[in-house]
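# please work out how this folds:
(4 chains)
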Number of protein chains: 2
Amino acid sequence: MKQLTIKKGEILQRSGDTNSKVYYVISGLLRSYTIDDKGKEHIFMFAPENWIVADSLPKEEPCDLYIDAIEDSIIHVLPKDLKREQQNAEAFIKRLAVLQKRVVMLMSASAIERYEHFEKTYPNIVQRVTQKMIASYLGITPQALSNIKRERFK
Amino acid sequence: MKQLTIKKGEILQRSGDTNSKVYYVISGLLRSYTIDDKGKEHIFMFAPENWIVADSLPKEEPCDLYIDAIEDSIIHVLPKDLKREQQNAEAFIKRLAVLQKRVVMLMSASAIERYEHFEKTYPNIVQRVTQKMIASYLGITPQALSNIKRERFK
DNA sequence: GCTATGCATTCATGTAGATTAATAAATGAG
DNA sequence: CTCATTTATTAATCTACATGAATGCATAGC
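As a prediction, this is how the structure comes out:
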């Protein structure tokens, strides 16, 4: 287990990398994201203090996600192949729950509903990232997010 | 561990249930899905032979997913609170990988691309479910799916 | 075997959100 | 401090997909 101090903007892992690791955030804020064929970024997850970020594909496969730092951060870098006994089942379960909710929201809620759910679920993250990133997480453009927010005051 | 034989259409679990279980499919085909506030169904996952279906929310929380049988099936019903040693880390990792891909597809691919990815990834499921269900899994209407397929021949 | 219900497809129309473009404000690099 | 780049917002237009409605088929229940 290796501890690292990284600066805002630093890239820890790129799509296609094969030796991908698991990152535990001690302090700061990381994000994982994909870049599609049109060059557009889609934020997969934000990882603030005490969260884990990783590409969840099998260790053999080249990974899909980029991971970088949104703020200066202190992290622990862990290998993907921890023995079963060392693995934290709690962490697995939590990640599954978060992803299940994310899929359900993407499939059944409108952009406004997804935004309000995000605000409510991650109030501390809302203040630490740009509108552009929130839009990217929600799966909409920054323009669409701007419109949504304006409409709430009408 | 309890073995059950269930008939097509039988509902194993409803949204809001609190004592949700983990279902291992020996034979047949199950599905998990949500119903949104407009009454619309959204298929979350298909579970053919040797797959696990479950609501992944913490055991205390009322679950979000319905689970039912698309075909007559034989299943094992497992409690959610297996001790860590009994848990199959492989299964967790696989489920995370599937969900990660699903989120990435929902965020960055068009309906056509999602359909073609589904066809390629689950060729055996495509033949066993209705177009309506495939559309529901992809997050589009049956009409939109019909249009997509027609356009591939033009 | 007949009827009823649900499924798949087509078409016409509606709409959420994308795209493009312009501007002002905030941030960052030298 | 200054210039260049990124961000947020607004507005006009476009498009992927939804919605609603009609039709022919397949399935299931009796």
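
# what is the orientation angle of the longest helix along chain A with helix B:89-108?
Secondary structure of chain A per DSSP state H: the longest helix is helix A:89-108. Computed by axes from the mean of the first three to the mean of the last three C-alpha atoms, to 10 degrees, the angle separating helix A:89-108 from helix B:89-108 equals 30 degrees.

# for helix A:89-108, name the packing helices and strands.
Packing partners of helix A:89-108 (3 or more C-beta pairs under 8 Å, 6 or more residues apart in numbering or on different chains; DSSP states H and E): helix A:111-121, strand B:30-35, strand B:41-47, helix B:89-108. In short, each C-beta sits where N, CA and C put it, glycine included.

# ranking these by mean pLDDT, which is last?
Per-stretch mean pLDDT for these is lowest at helix B:89-108 (a mean of 92).

# what parts of chain A come near DNA strand C?
Neighbours of DNA strand C within chain A, by C-beta under 7 Å from any atom of the strand: A:38, A:40, A:110-112, A:139-141, A:143-144, A:148.

# just the buried ones out of those, please.
Buried members of the residues of chain A next to DNA strand C, counted by 16 or more other C-beta atoms under 10 Å in any protein chain shown: A:111-112, A:139-140, A:148.

# looking at those, which is nearest B:Lys132?
Of all these, A:Gly139 has the smallest distance to B:Lys132: 23.9 Å, by C-beta to C-beta.

# excluding chain neighbours, what is closest to the closest one?
Nearest non-adjacent residue to A:Gly139, counting by C-beta to C-beta, 6 or more residues apart in numbering or on different chains: B:Met107, 4.7 Å away.

# ok, the one you found touching A:Lys40?
No. Between B:Met107 and A:Lys40 there is no contact, the gap being 9.5 Å when judged by C-beta atoms under 8 Å.

# got the residues of chain A near chain B?
Residues of chain A found near chain B (C-beta under 8 Å from any C-beta of the partner chain) are A:34, A:36, A:40, A:42, A:44, A:55-58, A:64-65, A:84-85, A:87, A:89, A:92-97, A:99-104, A:106-109, A:139.

# now do the contacts for the most centrally placed residue in chain A.
When C-alpha atoms, centre = their mean is applied to chain A, the residue found nearest the centroid is A:Met45 (1.5 Å). Residues near A:Met45 by C-beta atoms under 8 Å, 6 or more residues apart in numbering or on different chains: A:31-32, A:53, A:98.

# who does it bridge with?
A:Ser32 (DSSP bridges).

# hmm, back to that, contacting residues for the residue nearest to A:Gly139?
By C-beta under 8 Å, 6+ apart, the contact set of B:Met107 is A:34, A:42, A:44, A:106, A:139.

# any weak-confidence spans in chain A?
A:82-87, A:153-154 (pLDDT under 70).

# for B:Ile52, see how far away the residue nearest to the centre of chain A is.
Distance, A:Met45 to B:Ile52, using C-beta to C-beta, to the nearest Å: 23 Å.

# wait, doesn't A:Ala144 sit right on A:Ala111?
Yes. Contact criterion C-beta under 8 Å: A:Ala144 and A:Ala111 qualify, at 6.1 Å.

# between the two, what contacts are shared?
Common neighbours of A:Ala144 and A:Ala111, counting by C-beta under 8 Å, 6+ apart, are absent.

# residue numbers of chain A in contact with DNA strand D?
With C-beta under 7 Å from any atom of the strand as the criterion, chain A meets DNA strand D at residues A:130-132, A:142-143, A:145-147, A:149-150.

# in strands only, show me these.
Judged by DSSP state E, the residues of chain A next to DNA strand D include no members of strands.

# now do the contacts for A:Glu119.
By C-beta under 8 Å, 6+ apart, the residues touching A:Glu119 are A:Val126.

# so how far is chain B from it?
For A:Glu119, the distance to chain B (C-beta to the nearest C-beta, to the nearest Å) stands at 19 Å.
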